[in-house]
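K.L.:
Here's a sequence, model it:
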Amino acid sequence: MVATLGLHTVWYLKKDTNIRLNVFTILSLVALFSVVFEFYLARQSHRYTGDGWDVLAYLLGGAVFFVLQKVN
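P.N.:
Now for the predicted structure:
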C-alpha cells in the first residue's frame, strides 16, 4: 500500500507514469517497516509483537509489488 501510494504520488507530481520503483527502494521500504514494526515498536509497547513471519510477508509483498509494477 505504501509503495503504491508513493508511486502514484510521484506519477502525479512528475506527470510521468513510466516511472518505476527500483529494487533498492523497495528493499529499503521493507527494511524500514521491518525495523519499525517488528523490532522497535515491539520493544516499546506490549501491544506490538515482533514476528519473523511478518518480515517474510513484507519481503513477499515487496517482490509482488516489484513484479506487478513491471507488468503494468
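
K.L.:
From now on I want contacts and neighbour counts done on CA atoms only, so please keep to that.
P.N.:
Fine.

K.L.:
Three-state assignment for L27, please.
P.N.:
helix (DSSP: H, G, I helix; E, B strand; the rest coil).

K.L.:
who's in contact with it?
P.N.:
L59, G62 (Cα atoms under 8 Å, 6 or more residues apart in numbering).

K.L.:
For stretch 34-43, list every residue counted as buried.
P.N.:
When burial is assessed from 16 or more other Cα atoms under 10 Å, stretch 34-43 yields the following buried residues: S34, F37, E38, F39, A42.

K.L.:
repeat for stretch 1-16
P.N.:
Buried-residue list, stretch 1-16, by 16+ other Cα under 10 Å: A3, L7, H8, V10.

K.L.:
Pull the distance from the helix or strand hosting the third one to the chain's centre.
P.N.:
H8 is part of helix 2-14 when elements are defined by DSSP states H and E. Using Cα atoms, centre = their mean, to the nearest Å, we find the averaged C-alpha position of helix 2-14 to lie 13 Å away from the chain's own average C-alpha position.

K.L.:
All set now, cheers.
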